[in-house]
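In: got a sequence here, can you build the structure:
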Amino acid sequence: MHVLGRYDRVDLPELGLYNIHAKVDTGAYTCCLHCQKAEVIDGRLEFILLDEEHPEFTGMKFVFRDFEKKDIKNSFGEVEKRFVIVTTIKIFEEEITAEFSLSNRGSLKFPILIGRKILRDRFLIDVKKKNLSYKEKRRLKRMQKRKTL
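Out: Predicted coordinates:
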């Protein structure tokens, strides 16, 4: 079982996002993804991830035919209706299919929140650590690069 710190960098390969800052939050049940605007048009969910200030912002519009609208408790305990999508998150080279609620996290430091639903039985959390998956990913790339030289 891998150890994660209080935050890390993760990949969302199906969305074309790599090395995005994510906060590990054992108080949150599901994962959350920063999205400024999401709307249903002709039965499809359309949204743009991140915001213009974010270094990985592409402005690319995503369209999901399969989505839900669920009641999600925010950090203040208030229930909000949020769109929820299913996509893949990659941590420590492990691809995990996970639900992500879409929420405006623009005022927050981390555009992704990793909840306990995907942490359970996969990772131990050490809040003194950070970026353990990302450091391992960089170490493996360096090793592969040396092998090809």
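
In: which residues of the chain fall in helices?
Out: 116-119, 132-148 (DSSP state H).

In: deepest in the core, which of those helices is it.
Out: helix 116-119 (a mean of 17; mean count of other C-beta atoms under 10 Å). Glycine gets a C-beta too; all of them are placed from N, C-alpha and C.

In: just the pLDDT for residue 139.
Out: On the pLDDT scale, residue 139 is placed at 92.

In: what's the answer for the one 4 residues further on, then?
Out: Looking at residue 143, its pLDDT stands at 89.

In: low-confidence regions, this structure specifically.
Out: Per-residue confidence for the chain (pLDDT under 70) gives these ranges: 51, 54, 105-108, 149.

In: can you count the residues close to residue 35?
Out: Residue 35 is flanked by 23 other residues according to other C-beta atoms under 10 Å.

In: what of residue 16?
Out: 12.

In: next up, phi/psi of the nearest residue to residue 52 once chain neighbours are set aside, please.
Out: Nearest residue to residue 52, sequence neighbours excluded (C-beta to C-beta, 6 or more residues apart in numbering): residue 59, at 7.7 Å. Dihedral pair for residue 59: phi 80, psi 0, per degrees, to the nearest 10.
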